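> Give me a model of this one.
(2 chains)
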Amino acid sequence: MRSSVLTSAPPRISAPSALSCRGVRVSFRDVEVVCGVDLELGAGEWLGVIGPNGAGKSTLLRSIVGLTDHHGSVALGDGQLPSAVDVALVPQFPVLPKGMTVAEYVLLGRIAHLGWLARESRVDRHIVSSVLHRLELSSFGDRLVTTLSGGEAQQVVVARALAQQCPVLLLDEPTSALDLGHQVSVLELVDDLRRTEGLSVLAAMHDLSAAARFADRLMLIHHGRIVAQGSPAAVLQSDLLSAVYGTPLTVQSIDGELVVLPAPRRQVHS
Amino acid sequence: MVDASLPTAAVTETDAAHPAVRHAFGMSVTACVTGVAALVAVGLLSASSGAAGLPVSGVFSALFDWIPLIGVESSLSATQESILFEIRLPRLVLGMLVGGSLGVAGASYQGVFRNPLADPYLLGVSAGAGFGAVLALGFGLDLGWGPFDTVPAAAFVGALVAVVASMAIARGGGASPATLLLGGVAMAALFSAAQTYAIQQLDETRAREVLSWLFGQLNTTGWKQVWLLLPYAAVCGAVLFVHRRHLDVLRVGDDEARSLGLDPARSRLGVIVAASLLTAAAVSVSGLIAFVGLVVPHIVRLLISHSYRVIVPLSAVVGAAFLAFVDIGARTLLAPSELPVGVITAFVGAPFFALVLWRDRWSTT
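Numbering: from 1, shown residues only, chains lettered A, B, ... in the order given. Here you go, the predicted structure:
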């Protein structure tokens, strides 16, 4: 039996909702970027947030962890305001400090758990080594984060988020810098963690096919508003996507999985 | 060190961390022990060397005898003992306190400003303290109060005025590390100009006195300076020690730090206030000792670790050993006259720093 060190036990959230947002609005200098978004993330659910660049996906995630000023309410399932021990964010462009080892980097995830003397305990170190072991990164412990490849670095950032031991994981386009193989392996890793550790995942995703494959539910936003939400099959409609993304897109089903592709270019015969 | 053959599927979950993980965590203990051993060695060397040579064994036995409940027959004569306890040790301890303070303050500034070239004098502490001291020394102001002599008091006040002014300027610019740094540059320039003008107005003897203070030296009258600095070293040192992990978190930037649960502005303010107070206190008793706060954290970073968990405490130890060691030279090289210790630290520090920069460039390109 796997010892569940990756989430706090007993789980804080017994209600079906892990996170809920009501009327979240964010403006930058009179321009509203997120215009009243309501969302409900069920415990153990993977909710994918999709939409074109600039739709407000990242801003929505950032406002949930308090990185941008916003109106409206963000609450955990038990009604509490989320903090760094409840919601962990995997940023889109993580900073990898020079000279920092992988183990030290993952240890940063423990800062919210440390007492006021800021002394890491054996428990903190044990959690770090368990997380690294879980992600099969143990042998990387003393490597410098700056020497990692893109895929390895992304896994290490996920490891830091897991070390925060939060029941809710926010991913901000976690695979945008990775090749196809690493995209799938990082997402599969998160999916696996979700199942084994009972995490809830809210992910801004730009790869629509991956979103269809991994998310239980999708939320399409455009100009800061929710345009559609529901099961991947319900949201991924070629007409809707073509209108939102401003280019003809086609949705096909290959072996039961939805794949979103640019529509074939029409050959114009003269 | 990557063990590609590791059969990950076969590894059972145990409490034992992987060697690579243990290695990443475990190197600080050996380093601390080595650092403290070096500090003790430098201390013994310093206590026994000087115009009146004291035998190391005698120093050793006298020190042991001094510890309560331990009775050892001291092999030093009464005169030698009074040299040791009234002259050598106060100066040695002051040197260690000042060096440790500057080392810790420098490490903290480098962490807060995310800039390895930051030093404790960045926010105008040196210029402010210098101006205060020049006013007090040169114009014969009497600011002495209780145990506080005029010059240290004036230097301390001047240093704090400069830092507070730098922070006040930066506040308007949003108090990011970059604006704070620029505020410090502005204040340092202003106070340096004022200081230069004030020195120019002095007669030659007083100007010479002022300059020798500015170079930095460890002149003691008994244990007085030690007692003045000790409370600051203890309180500010403790505050900075507690914040060492915050400095590591700040390395990933304010946004990520906040998402990890740290309030970057508050941590930064705490560290800057403590480090500035500590620097002001050190400067007020010893003058402007250059390069210690800049070089010492770099030595630790180069030799041991880039993590502030390690850099902050070890900078105290290495700073203390470094300044105590350099002060042996200051006392003995030109004996019976004395070199300002700040001159030697700058002589040693500047080439060393160039070396660090070159090495850094080689390793990154």
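> Flag every buried residue along the longest helix along chain A.
Longest helix in chain A, counting residues (DSSP state H): helix A:180-197. By 16 or more other Cβ atoms under 10 Å in any protein chain shown, the buried positions in helix A:180-197 come out as A:182-184, A:186-187, A:189-191, A:193-194, A:197. C-betas here are computed from N, CA, C, even on glycine.
> repeat for stretch A:63-82
Across stretch A:63-82, burial judged by 16+ other Cβ under 10 Å covers A:63-68, A:70, A:74, A:76-77, A:82.
> For chain B, what's its nearest residue on the stretch 101-250 of chain A.
residue A:112 (2.9 Å; Cβ to the nearest Cβ).
> can you count the residues close to that residue?
For residue A:112, the count of nearby residues is 19 (other Cβ atoms under 10 Å in any protein chain shown).
> Could you tell me which residues within the host helix or strand of residue A:130 count as buried?
Counting by DSSP states H and E, the element that carries residue A:130 is helix A:122-134. For helix A:122-134, a neighbour-count test (16+ other Cβ under 10 Å) marks A:124-125, A:127-134 as buried.
> from the chain's centre, how far out does the longest helix of chain A sit?
11 Å (Cα atoms, centre = their mean, to the nearest Å).
> Put the alpha carbons of that helix into PDB.
Extracted C-alpha coordinates of helix A:180-197, given in PDB (Å, rounded to 0.1, in the frame of the first residue of the first chain):
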ATOM      1  CA  LEU A 180       5.000  16.200 -27.700                       C
ATOM      2  CA  GLY A 181       6.400  13.300 -25.800                       C
ATOM      3  CA  HIS A 182       7.100  15.300 -22.700                       C
ATOM      4  CA  GLN A 183       3.800  17.100 -22.900                       C
ATOM      5  CA  VAL A 184       2.000  13.800 -22.600                       C
ATOM      6  CA  SER A 185       4.300  12.400 -19.900                       C
ATOM      7  CA  VAL A 186       3.900  15.500 -17.700                       C
ATOM      8  CA  LEU A 187       0.100  15.500 -18.100                       C
ATOM      9  CA  GLU A 188      -0.100  11.800 -17.400                       C
ATOM     10  CA  LEU A 189       2.000  12.300 -14.300                       C
ATOM     11  CA  VAL A 190      -0.500  14.900 -13.100                       C
ATOM     12  CA  ASP A 191      -3.400  12.700 -14.000                       C
ATOM     13  CA  ASP A 192      -1.800   9.800 -12.100                       C
ATOM     14  CA  LEU A 193      -1.200  11.900  -9.000                       C
ATOM     15  CA  ARG A 194      -4.800  13.100  -9.200                       C
ATOM     16  CA  ARG A 195      -6.000   9.500  -9.100                       C
ATOM     17  CA  THR A 196      -3.600   8.200  -6.500                       C
ATOM     18  CA  GLU A 197      -3.400  11.200  -4.200                       C
END
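> That helix - what's its average pLDDT?
The pLDDT scores in helix A:180-197 average 86.
> Look up how far chain A lies from residue B:232.
20 Å (Cβ to the nearest Cβ, to the nearest Å).
> ok now do the residue nearest to that residue when sequence neighbours are not counted, which residues does it touch?
In space, and not counting its chain neighbours, residue B:232 is closest to residue B:281: 3.6 Å by Cβ to Cβ, 6 or more residues apart in numbering or on different chains. Going by Cβ atoms under 8 Å, 6 or more residues apart in numbering or on different chains, residue B:281 touches B:101, B:156, B:228-229, B:232-233, B:236.
> List the buried residues in the helix or strand where residue B:281 lies.
Of the helices and strands defined by DSSP H and E, residue B:281 is found in helix B:264-286. Buried residues in helix B:264-286, defined by neighbour count with 16+ other Cβ under 10 Å: B:264, B:267-268, B:270-286.
> which stretches of the chain have low pLDDT?
Assuming you mean chain A. By pLDDT under 70, the weakly predicted segments of chain A are A:1-15, A:116-118, A:267-270.
> that answer is for a different chain, and I need it for chain B
Where chain B drops to pLDDT under 70, the residues are B:1-17, B:24-28, B:69, B:71, B:141-148, B:172-175, B:357, B:360-365.
> Please identify the residues of the stretch 101-250 of chain A in proximity to chain B?
Residues of the stretch 101-250 of chain A lying near chain B by Cβ under 8 Å from any Cβ of the partner chain: A:101-104, A:107-109, A:111-112, A:114, A:116-118, A:120, A:125-126, A:128-130, A:132-133, A:136, A:138-143, A:160, A:164.
> on that earlier part again, got the angle between the helix holding residue A:130 and helix A:180-197?
Helix A:122-134 runs at 130 degrees relative to helix A:180-197, counting by axes from the mean of the first three to the mean of the last three Cα atoms, to 10 degrees.
> what ranges do the strands span in chain A?
Remark: strands assigned in chain A by DSSP state E are A:17-28, A:31-42, A:46-50, A:71-76, A:87-90, A:168-172, A:200-204, A:217-222, A:225-230, A:249-254, A:257-262.
> just the angle between the last one and strand A:46-50, please?
The directions of strand A:257-262 and strand A:46-50 differ by 10 degrees, with the same axes, to 10 degrees as the criterion.
> So what touches strand A:257-262?
A:208-209, A:212-213, A:232-233, A:236, A:241, A:247-253.
> I'd like the distance from stretch B:106-121 to the chain centre, please.
The mean C-alpha position of stretch B:106-121 is separated from the chain mean by 12 Å, Cα atoms, centre = their mean.
> Quick check: end-to-end length of it?
8 Å (Cα to Cα, to the nearest Å).
> just stretch B:103-123 next, same as before
Using Cα to Cα, first and last residues of stretch B:103-123 are 16 Å apart.
> one step back: so what's the residue of the stretch 101-250 of chain A closest to chain B up against?
Residues in contact with residue A:112 (Cβ under 8 Å, 6+ apart) are A:83-85, A:164, B:260-262.
> Same check on residue B:250?
Contacts of residue B:250 (Cβ under 8 Å, 6+ apart): B:111-112, B:114, B:257, B:262, B:264, B:267-268.
> Same question for residue A:74.
A:19-21, A:24, A:63-64, A:81-82.
> Mind doing that once more with 10 Å?
Residues counted as contacts of residue A:74 (Cβ atoms under 10 Å, 6 or more residues apart in numbering or on different chains) are A:19-22, A:24, A:39, A:60, A:63-66, A:81-82, A:87.
> Residue B:236 now?
Residues in contact with residue B:236, defined by Cβ under 10 Å, 6+ apart, are B:101, B:104-105, B:108, B:271, B:273-282.
> show me what contacts the residue most central in space within chain A?
What sits nearest the mean C-alpha location of chain A, by Cα atoms, centre = their mean, is residue A:171, with 1.6 Å. Going by Cβ under 10 Å, 6+ apart, residue A:171 touches A:46, A:48-49, A:61, A:88-92, A:154, A:157-158, A:161, A:186-187, A:190, A:201-205.
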